[in-house]
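**Q** Predicted model and sequence below, questions to follow.
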Number of protein chains: 4
Amino acid sequence: MDKLHALTQLKYAPTLQLYGESFNSRFLIGSALYPSPAIMKDAVTASGASLVTLSLRRQDPANRQGEAFWQEIQSLGCQLLPNTAGCKTAEEAINLAEMCREIFDTDWIKLEVIGDDYNLQPDPFELVKAAAELIKRGFKVLPYSTDDLILCLRLRDAGCEAVMPWGSPIGTGLGLMNNYALRTLRERLPDTPLIIDAGLGAPSDATQAMELGFDGVLLNTAVAKALNPVAMASAFKLAIESGRLAYQAGLMLPRQNASPSTSPIGQPFWHHK
Amino acid sequence: MDKLHALTQLKYAPTLQLYGESFNSRFLIGSALYPSPAIMKDAVTASGASLVTLSLRRQDPANRQGEAFWQEIQSLGCQLLPNTAGCKTAEEAINLAEMCREIFDTDWIKLEVIGDDYNLQPDPFELVKAAAELIKRGFKVLPYSTDDLILCLRLRDAGCEAVMPWGSPIGTGLGLMNNYALRTLRERLPDTPLIIDAGLGAPSDATQAMELGFDGVLLNTAVAKALNPVAMASAFKLAIESGRLAYQAGLMLPRQNASPSTSPIGQPFWHHK
Amino acid sequence: MDKLHALTQLKYAPTLQLYGESFNSRFLIGSALYPSPAIMKDAVTASGASLVTLSLRRQDPANRQGEAFWQEIQSLGCQLLPNTAGCKTAEEAINLAEMCREIFDTDWIKLEVIGDDYNLQPDPFELVKAAAELIKRGFKVLPYSTDDLILCLRLRDAGCEAVMPWGSPIGTGLGLMNNYALRTLRERLPDTPLIIDAGLGAPSDATQAMELGFDGVLLNTAVAKALNPVAMASAFKLAIESGRLAYQAGLMLPRQNASPSTSPIGQPFWHHK
Amino acid sequence: MDKLHALTQLKYAPTLQLYGESFNSRFLIGSALYPSPAIMKDAVTASGASLVTLSLRRQDPANRQGEAFWQEIQSLGCQLLPNTAGCKTAEEAINLAEMCREIFDTDWIKLEVIGDDYNLQPDPFELVKAAAELIKRGFKVLPYSTDDLILCLRLRDAGCEAVMPWGSPIGTGLGLMNNYALRTLRERLPDTPLIIDAGLGAPSDATQAMELGFDGVLLNTAVAKALNPVAMASAFKLAIESGRLAYQAGLMLPRQNASPSTSPIGQPFWHHK
């Protein structure tokens, strides 16, 4: 059993590497939309996430009324990952990122530059502009991106050490809407951490993303809007670990023809090919 | 944290009920196709399965050369679930079931009556016949079935206290090939334990099956033919737990339109709808 | 252009062969659910179908109030294909088939034996029983079946010279819900005419069925419930012809990698591989 | 029958409007990859396409060795649509477009600016740049685009009076790989002609695109690489007409529950709801 234990421990090793830092979990979770702050805290705890995104309430940074909130998140041992949600231009996003850096005292930023009010997708043009500038200013940028290969390559070339393509539009729960594009990204950016951000609805979506070789998953709605967000956070935690482990364990290849799993007669089962 | 712990413990509660017996895992695993007996044992252990299927090698029951093998499985604390793999008629299956009962000293039988050499699917006609007879003879029958509603209803009406519809043909790894049929089964047999048997290729397939409300998963090839079967067994264990937990936690409903997970400006995040 | 014309004429050749008879169209259409009898007639005409299913109104066969209706269908040059819709046992279906034979003066019968009130699927057990008996009695049986290979083989072995597997449940418009099963049927019954019956919602579903090599398509709801049933009948007619032609023309194989359709520089385009 | 005829004639009306011109077909076809020039001509004829794309062989514009070729295309009554295949920057594409304008004596250009040698996808950044400049210079630009909403909006805002999103990468035959994105495009650009360009493999893919409300289809490989390109061109022609007609005829909505298409007993069929 020790051998087994060592093996599976090794495989579990969840050290997600981002900008030279190690994280003990491949799950990044959002802090919005929960029924209450208490449930949010329990869900974050159950998720095992080490990075928690949150949105700066822009009107009252001076007022600091949110301070208690983010200190609570930090008290859970999680690192804050402020985001630029709601920004529509590079300029807005850069300004908000600077405010976040000051208030939260962190270089990390989840960069969102929304191009459309309906599908809330990233604007490829403004996103690259903002990412390049923020990298220059010393930020550790995690850009929320589409699954467009050229866009992701440009973000990487602008200095982003990780890219976060969407699975599907924010809050839809539609899962991975374009497997082909995601597989292409994984193949063509083998050395860049890629985190699926947005659109996942069920743990099986997260498992699938991890089986494809993605390095992590960021989500919010699917946990916060579950009937039981705390249990759902646990479910996603297991799902992500499962998918990572499966990726490393080497999945069987699907085949078109059935093949018996039972031994032909009269031979010890381990002598069959 | 105690409240959280209690909650998630409750939710995990993996007691699969079959024929009045409780099982500590919703994972049923096969014992064939592994690279070696040692790896098989480690994989079974890693899977946490409490039911392990195996095929009686029919030529040599007297000879008992397999005895060591199944005693080893039992030594892992698992219950044996002999199957009737390879049988093509009700008569053959009934005879083999009787032999299994004698040799393995168990009433449990995984009933397989194959109707086709290529897709290895169950023969609906022979399957119902065999199931009815075996139930009369006091067996605890777990029939390997298609996803045909009428067939599953007939099996239930014949006295089967659980039914095992396929996900897709044995050994293909194609996953759940007919979601519509599986959803229908779950809706129409709400009180019968339903276990997906055959065709799963990746842990995400298992998670998906459990999210749909199935009671368990039986598989073999996807673990045995993984590059690392032991790690893959762990991955499936987590996947099944994740899917069950998600089912109980209440999945969000997918929606066609994007919806921001971040708070509008200037309000505490928990006051938004 | 004559060569081209000859070629495409040949390819279009729509002679569907059933029980030794030739039909000029691969489209079989239902006569129920239309907004009015006039629209039904126009839609049947636009469909080009040569077989039109209809249901005997059982209460009043003596009364003959439906006679005008079916004479109208026949006046369109279509052959009547009475069905046993609503029957739940072999016995009921056999009795109704006999009544249909007498009243409509035809040996042709679309055999439906419904096993479930909710998904309206065929009962495999009663269906085989009814088909075998009706074949013995000299009927030309077109059985409405599931996509279960064993069931379809049994129907063929009972003497059915064509089988009509469902695409998905009647009236759902879900299209082809189990491509794997349908491909298997086509491969394993290469010499039996196979007609997709039920569940198609859009012309693209019909095209897809024909591309898979099916011999025809039977549908009703998708035409009758369209906003404009007459135009939709035309659309399905084209779709079925398109899919048949494509099947015969030999579809390209999908590939995972992009491949330019434009010529490299400096060479006549027809010298490139 | 006249009424019917008028109705379906109306519905077929294939006048695709692009830059104020009307085209009698919604099928745009490529001229590359055919087994021979003769087969290419026959296939173009069978397709009924009124726009035919072709690639300028850049090395020898002076030499004019291709002249016979494109004059042949024009002799078929088709309008030439030169493309900028192979260009990787806006500058290259603009230069090539100018050469095309001079040589082919046409303002029309299919604008391709490839961003990646493997998936041959458009480069969103260079594409917008090239489109804006070519529009300024008086070209009628049909840009080959991804299915990214923001990119398509930018192309429209740059003056493109039609946009051509991909179905999937060129030459793959994978069909419509992201239905969600395509539906979004159609909803959000209701007044811009949208033509699916690239990736279609089977006529059913084309039918599906048209059913979604797209205005046309451009393809090459699926016809040129069919076993019988001429028959396949006819199949696509029918498929596109079918899908357009279905879109206009109003498709039924898919539903989860079965619904009988046959009349309850004892009532004239047209009195049922």
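**A** Now that the structure is in, tell me what you want to look at.
**Q** What ranges does chain A have for its strands?
**A** Secondary structure of chain A, counting by DSSP state E: strands at A:16-18, A:21-23, A:27-30, A:51-55, A:79-83, A:108-111, A:140-145, A:164-165, A:195-197, A:216-219.
**Q** Let me have those strands in JSON lines, extended by mean neighbour count.
**A** For the C-beta atoms, the positions are set from N, CA and C on the backbone; glycine is no exception. Below are those laid out as JSON lines (neighbours: other Cβ atoms under 10 Å in any protein chain shown):
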{"stretch": "strand A:16-18", "mean neighbour count": "17"}
{"stretch": "strand A:21-23", "mean neighbour count": "14"}
{"stretch": "strand A:27-30", "mean neighbour count": "28"}
{"stretch": "strand A:51-55", "mean neighbour count": "24"}
{"stretch": "strand A:79-83", "mean neighbour count": "22"}
{"stretch": "strand A:108-111", "mean neighbour count": "26"}
{"stretch": "strand A:140-145", "mean neighbour count": "27"}
{"stretch": "strand A:164-165", "mean neighbour count": "29"}
{"stretch": "strand A:195-197", "mean neighbour count": "27"}
{"stretch": "strand A:216-219", "mean neighbour count": "28"}
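**Q** nearest to residue D:253, of those?
**A** strand A:216-219 (30.3 Å; Cβ to Cβ).
**Q** Could you export the closest one as PDB, keeping only the C-alpha atoms?
**A** Extracted C-alpha coordinates of strand A:216-219, given in PDB (Å, rounded to 0.1, in the frame of the first residue of the first chain):
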ATOM      1  CA  GLY A 216      -6.600  24.600 -13.600                       C
ATOM      2  CA  VAL A 217     -10.200  25.800 -13.500                       C
ATOM      3  CA  LEU A 218     -11.700  29.100 -12.400                       C
ATOM      4  CA  LEU A 219     -15.400  29.300 -11.700                       C
END
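**Q** Identify the residues contacting that strand?
**A** A:16, A:26-30, A:53, A:110, A:164, A:193, A:195-198, A:200, A:206, A:209-210, A:236, A:240 (Cβ atoms under 8 Å, 6 or more residues apart in numbering or on different chains).
**Q** for it, what is the average pLDDT?
**A** The pLDDT scores in strand A:216-219 average 97.
**Q** Flag every residue of the stretch 1-150 of chain A that's near chain D.
**A** By the rule Cβ under 8 Å from any Cβ of the partner chain, the part of the stretch 1-150 of chain A lying against chain D is A:115-116, A:118-119, A:121-125, A:128, A:146, A:148-150.
**Q** Tell me what residue A:55 is bridged to.
**A** As for beta bridges, residue A:55 partners with residue A:83 under DSSP bridges.
**Q** before we move on, the earlier item: using neighbour counts, give me the buried entries of the residues of the stretch 1-150 of chain A next to chain D.
**A** Using 16 or more other Cβ atoms under 10 Å in any protein chain shown as the burial test, the residues of the stretch 1-150 of chain A next to chain D include A:115-116, A:119, A:121-125, A:128, A:146, A:148-150 as buried.
**Q** can you list those residues in TSV and add pLDDT?
**A** Output for these, formatted as TSV (pLDDT from 0 to 100):
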residue	pLDDT
A:115	94
A:116	92
A:119	89
A:121	95
A:122	97
A:123	97
A:124	97
A:125	97
A:128	98
A:146	97
A:148	97
A:149	97
A:150	97
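**Q** tell me which of those residues is nearest to residue D:259?
**A** If you rank those by distance to residue D:259 using Cβ to Cβ, residue A:119 comes first, at 32.8 Å.
**Q** what's near enough to touch that closest one?
**A** Neighbour list for residue A:119: A:169, B:257-258, D:149, D:184 [criterion: Cβ under 8 Å, 6+ apart].
**Q** With residue A:48 instead?
**A** A:24-25, A:27, A:237.
**Q** Throw the residues you listed into TSV and include pLDDT, thanks.
**A** Formatted as TSV, the contacts of residue A:48 follow (pLDDT from 0 to 100):
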residue	pLDDT
A:24	92
A:25	95
A:27	97
A:237	98
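**Q** and which of the residues you listed is nearest chain C?
**A** Distance to chain C, by Cβ to the nearest Cβ, is smallest for residue A:27 among these, at 30.0 Å.
**Q** Can you tell me the closest non-neighbouring residue to the closest one?
**A** residue A:49 (4.6 Å; Cβ to Cβ, 6 or more residues apart in numbering or on different chains).
**Q** okay, now that neighbour: neighbour count?
**A** Per other Cβ atoms under 10 Å in any protein chain shown, the neighbour tally for residue A:49 reads 32.
**Q** Would you agree it is in contact with residue A:26?
**A** No: in this structure residue A:49 lies outside contact range of residue A:26 using Cβ atoms under 8 Å: 9.0 Å.
**Q** Could you tell me which residues touch both of those two?
**A** Counting by Cβ under 8 Å, 6+ apart, residue A:49 and residue A:26 have no contacts in common.
**Q** quick revisit: if I look at the residue nearest to residue A:27, how far off is chain C?
**A** Taking Cβ to the nearest Cβ, to the nearest Å as the measure, residue A:49 falls 34 Å from chain C.
**Q** Quick one: name the residues of the stretch 151-273 of chain A near chain D.
**A** A:151, A:153-154, A:168-169, A:174, A:177-181, A:184, A:188.
**Q** ok, and of those residues, which contact chain B?
**A** Contacts with chain B within those, counted by Cβ under 8 Å from any Cβ: A:169, A:174.
**Q** confidence score at residue A:78?
**A** In this model, residue A:78 is scored at 88, pLDDT.
**Q** How about it: what's its closest non-neighbour residue?
**A** Nearest to residue A:78 is residue A:52, by Cβ to Cβ, 6+ apart, at 4.4 Å.
**Q** quick one: pLDDT of that neighbour?
**A** Confidence score, pLDDT, at residue A:52: 95.
**Q** swap in residue A:120?
**A** At residue A:120, the model reports a pLDDT of 92.
**Q** Next: residue A:10.
**A** Model confidence at residue A:10, given as pLDDT, is 45.
**Q** where in chain A is pLDDT low?
**A** For chain A, the stretches with pLDDT under 70 are A:1-14, A:57-66, A:262-273.
**Q** how about a cut-off of 50?
**A** Residue ranges of chain A with pLDDT under 50: A:1-7, A:9-13, A:58-59, A:264-273.
**Q** in it, which spans are helices?
**A** For chain A, the helices defined by DSSP state H occupy A:2-12, A:37-47, A:67-75, A:90-104, A:124-136, A:149-157, A:179-188, A:203-211, A:221-224, A:229-249.
**Q** Is there contact, residue-wise, from the longest one to chain B?
**A** Yes: part of helix A:229-249 sits near chain B under the criterion Cβ under 8 Å from any Cβ, namely A:229-232, A:234-239, A:241-243, A:245-246, A:248-249.
**Q** Run the angle between that helix and helix A:37-47 for me.
**A** If you take axes from the mean of the first three to the mean of the last three Cα atoms, to 10 degrees, helix A:229-249 sits at 20 degrees to helix A:37-47.
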